[in-house]
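Peer 1: sharing a model that was predicted from the sequence below.
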Amino acid sequence: MAIAGCQTSAVGDLANIDKAQGSTENIASLSSVIDRDPRNPEAYNVRGSAYGRSGQYQAALKDFNKAIELNPGFYQAYSNRALIQRFLGNQPAALADYNRAIQLNANYDAAYIGRGNLYSNAGQTQNAFNDFQKAIQLDTTDARAYNNRGLIYQQQGQHKFAIEDFSTAISLAPSASEPYNGRGLSYLATGDEQNAFSDFNMAIKLDSKNAEAWANQALIYERRGDKQRAAKSYREAIHLNPNYQPAKDGLARVS
């Protein structure tokens with residue numbers, strides 16, 4: 001029986017960020033700072049990040065443009081602008097900005113992780129792996145580097161390395177659901193059903209809207225012959241993501 005989801009998504013670029021930082025009140029406060037000091041590139045960079053967290057991507061883009069105009073060597077602003085370009089679908093512009101950030105600071109781990117995600121989404125797996133690897137070699141404390149390298153190991157069938165990376169990601173971001181789901185898949189692939197089940201349950205506990213984790217939990221129930229619980233979990237996965245085919249296939253099997 002196929003694992004119900006070797007499509008585990010990477011830890012989100014805006015995952016685990018305090019959404020209050022993108023609140024109207026916080027943006028208004030940052031705007032007051034800019035009004036008092038309109039030539040401060042850092043202020044535009046911070047407000048741009050707040051706009052990005054609130055989903056106001058065009059406003060974020062404008063602020064990062066201004067930050068770079070005021071300080072052409074502002075590598076963090078290039079990396080931040082690259083992320084917004086990704087969200088806007090401007091992938092070549094995003095790549096150019098990540099490249100520029102790295103050119104300005106070859107030790108900036110966030111730019112390697114961001115560019116790695118860009119490569120991963122484009123199917124350039126080796127380039128993605130190299131960037132996550134570089135961030136890890138720079139002693140990053142960003143869980144995304146380990147989680148996303150783990151996903152590549154998983155795709156290659158190197159589950160021992162994948163489990164190690166997911167475990168490190170969990171230690172760095174214990175409230176993130178994705179590394180638990182990813183590790184659960186690798187445990188399942190190596191025949192460790194109990195640890196897989198525990199990880200899928202934890203993924204759901206941390207994020208009850210993780211459709212893939214619900215489908216993977218359902219698969220364990222299905223393997224154990226508990227069709228009633230399996231069907232319930234598959235239905236929850238479909239409720240959260242009506243287009244998630246592994247859940248639809250699983251429900252068909254147990255119904």
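Peer 2: Received the coordinates, thanks. Residues are numbered from 1 along each chain as shown.
Peer 1: touching the helix or strand containing residue 48 from outside, list them.
Peer 2: Element membership for residue 48, per DSSP states H and E: helix 41-53. Outside helix 41-53, the residues within contact range by C-beta atoms under 8 Å, 6 or more residues apart in numbering are 14, 17, 19, 21-23, 26-27, 30-31, 33-34, 37, 57, 59-64, 66-68, 70-71, 74, 76-77, 80-81, 83-84, 87. All C-beta atoms are positioned from the backbone trio N, CA, C, and that covers glycine.
Peer 1: can you pull the buried residues of it?
Peer 2: By neighbour count on 16 or more other C-beta atoms under 10 Å, the buried set for helix 41-53 is 41, 43, 44, 45, 46, 47, 48, 49, 50, 51, 52, 53.
Peer 1: per-residue confidence at the second one?
Peer 2: So the one you mean is residue 43. Looking at residue 43, its pLDDT is 94.
Peer 1: got it, and the last one?
Peer 2: Among the per-residue scores, residue 53 shows a pLDDT of 91.
Peer 1: measure it to residue 82 for me?
Peer 2: Distance of residue 53 to residue 82, computed by C-beta to C-beta, to the nearest Å: 16 Å.
Peer 1: tell me, how many residues neighbour residue 226?
Peer 2: Other residues near residue 226 come to 15 when the count uses other C-beta atoms under 10 Å.
Peer 1: now do the one 5 residues further on
Peer 2: Neighbourhood size, residue 231 [other C-beta under 10 Å]: 18.
Peer 1: now it: closest residue in space that isn't a chain neighbour?
Peer 2: Nearest non-adjacent residue to residue 231, counting by C-beta to C-beta, 6 or more residues apart in numbering: residue 254, 4.9 Å away.
Peer 1: from what I can see the one you found touches residue 233, true?
Peer 2: No - the pair residue 254 / residue 233 is not scored as a contact, 9.7 Å apart, by C-beta atoms under 8 Å.
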